[in-house]
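> Using only what follows, build the 3D model:
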Amino acid sequence: MSFKTYTYILLSIGATVVSVQAGAQTNFPSRPIRVVVPYTPGGITDVVTRIFAQEVSKAVNQNVLVDNRPGANSILGVEIVSKANTDGYTLVSVIAAHAANQTLYPKLPYDSIKSFAPVSLLVTAPLIVTATNSLAAKDAKELVALAKAKPGTLAFASSGIGAAAHLTTELLMLTMGIRMNHIPYKGTAPALQDLIGGQIQVMMDTPSSMLPHVRGGKIKALGMASEKRIQAAPDIPTLTETGVPVVGGTWVGWLAPVGTPKAAVDKLSAEIQAIGKRPDIRDRLIQMGNDPVAGSPAQFDQFLRDEVAKWGKVIQQAGVKVEG
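Numbering: from 1, shown residues only. Below you'll find the model as predicted:
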């Protein structure tokens, strides 16, 4: 075989491979997609992910399967996706804790930014400050005054170290010059039960988790950590309105492993953005206390970088450490 013939064969093989790859991307998706949720079912990550997964499935005519893989403040599930095939068929749904983990865990088995290709942000959600009914404070301003009068005697709960609820409370304490004792729980549900029972005095979490109990009279709302009052609770003032200038919350977004073809990422992002603009989906998400904000991969990339920087600063200033 001559060198010329050998070269021609290699070029032909290469062209065929490129053609097959291009065809696969053009026909994407041609089989089911898996979205890993690194939390247990029922929380904001799971609920919002399932809403979008169902609608994306209809749009692309392929099953979009939600796979709950909880553990280690989302690290276990996220690591699975960081090592998955870069073909667009494996995604992970992350929240604010994903950004915080970059600073919180020095030996994180992936990089929260560099190991992933952003697909789209889905929603943002402010946090609501709630208190046990027996606490002598009717709003956040009075909570701050109480904490200053009795330093170190109030306890606040969170769904875990590094969760948005924990770090936003740390931000509140840094901003207002107060100190409360942090009691981390393994999830929102057990923390909420102790708040209702009076074992814990204060707790921040998402409106979807807390509002039903506020409306039911089991706990009381002290303010919303949002820039403006939310449609799901227009009667609850923002923290800023009560004299506590703090804004913080969580969010839900989809990532793919770094190296995933741009065509696949753009296809999924376009479908998500279209779904996020539908009035029926928007109304459903808003009534849960979320703000539908689906956008481009580039927008999510910048958002994620800003979140890593923001929460990294809070973690360092507050001296937050993980146990063990």
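> okay, V322: pLDDT?
Looking at V322, its pLDDT reads 87.
> Which of the three states applies to it?
Under DSSP: H, G, I helix; E, B strand; the rest coil, V322 falls in the coil class.
> neighbours of it, just the number please.
Using other CB atoms under 10 Å, V322 is surrounded by 15 other residues. No exception for glycine: its C-beta is placed from N, CA and C like everyone else's.
> How about V123, nearest residue that isn't a chain neighbour?
Closest residue to V123 apart from its sequence neighbours, by CB to CB, 6 or more residues apart in numbering: N290 at 4.0 Å.
> What segments of the stretch 101-250 of the chain are helices?
Here the stretch 101-250 of the chain has its helices, by DSSP state H, counting those that start in this stretch, at 140-149, 164-176, 188-197, 207-215.
> Just name the most buried of those helices.
Stretch with highest mean neighbour count among these: helix 164-176 (a mean of 23; mean count of other CB atoms under 10 Å).
> Next up, the contacts around the spatially closest residue to A294 that is not a sequence neighbour.
Distance criterion CB to CB, 6+ apart; nearest residue to A294, sequence neighbours excluded, is G276 at 3.1 Å. Applying CB atoms under 8 Å, 6 or more residues apart in numbering to G276 gives the contacts F52, S120, L122, R282, P292, V293, A294.
> Narrow these to just the buried residues.
In the contacts of G276, burial by neighbour count holds for F52, S120, L122, R282, P292, V293, A294, counting by 16 or more other CB atoms under 10 Å.
> Surely the first one touches Q273?
No: using CB atoms under 8 Å, F52 and Q273 do not qualify as a contacting pair, with a distance of 10.7 Å.
> any chance you could map the strands in the stretch 201-324 of the chain?
Along the stretch 201-324 of the chain, counting by DSSP state E, counting those that start in this stretch, strands occupy 202-205, 219-224, 249-257, 291-292.
> Throw those strands into CSV and include distance to L108 and mean pLDDT, thanks.
Converted to CSV, the strands of the stretch 201-324 of the chain look like this (distance: least, CB to CB, whole Å; pLDDT from 0 to 100):
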stretch, distance to L108, mean pLDDT
strand 202-205, 24, 97
strand 219-224, 31, 98
strand 249-257, 14, 97
strand 291-292, 28, 96
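> how about those strands, which one is nearest L143?
With CB to CB as the measure, strand 219-224 is the member of the strands of the stretch 201-324 of the chain nearest L143 (5.5 Å).
> re the thing from before, where does the residue nearest to A294 land on pLDDT?
For G276, the model assigns a pLDDT of 97.
> before we move on, what about T188?
On the pLDDT scale, T188 gets 89.
> Once you drop chain neighbours, what's closest to it?
Once flanking residues are discounted, T188 sits nearest to S159: 4.5 Å by CB to CB, 6+ apart.
> Might one say that that neighbour is in contact with L195?
No: when contacts are counted by CB under 8 Å, S159 is not listed as touching L195 (11.6 Å).
> For the spatially most central residue of the chain, give me its contacts.
A centroid search over the chain (CA atoms, centre = their mean) returns I95, at 1.4 Å, as the residue closest to the centre. Residues in contact with I95 (CB under 8 Å, 6+ apart) are Y39, I44, T45, S74, A164, T250, W251, V252, G253.
> where's it relative to K148, distance?
Per CB to CB, to the nearest Å, I95 is found 31 Å from K148.
> Now for the spatially closest residue to S134 that is not a sequence neighbour: which residues touch it?
Spatial nearest neighbour of S134, excluding adjacent residues (CB to CB, 6+ apart): G198 at 5.7 Å. Each residue near G198 by CB under 8 Å, 6+ apart is listed here: T132, N133, S134.
> The second one - how many residues pack around it?
By other CB under 10 Å, the residues close to N133 number 12.
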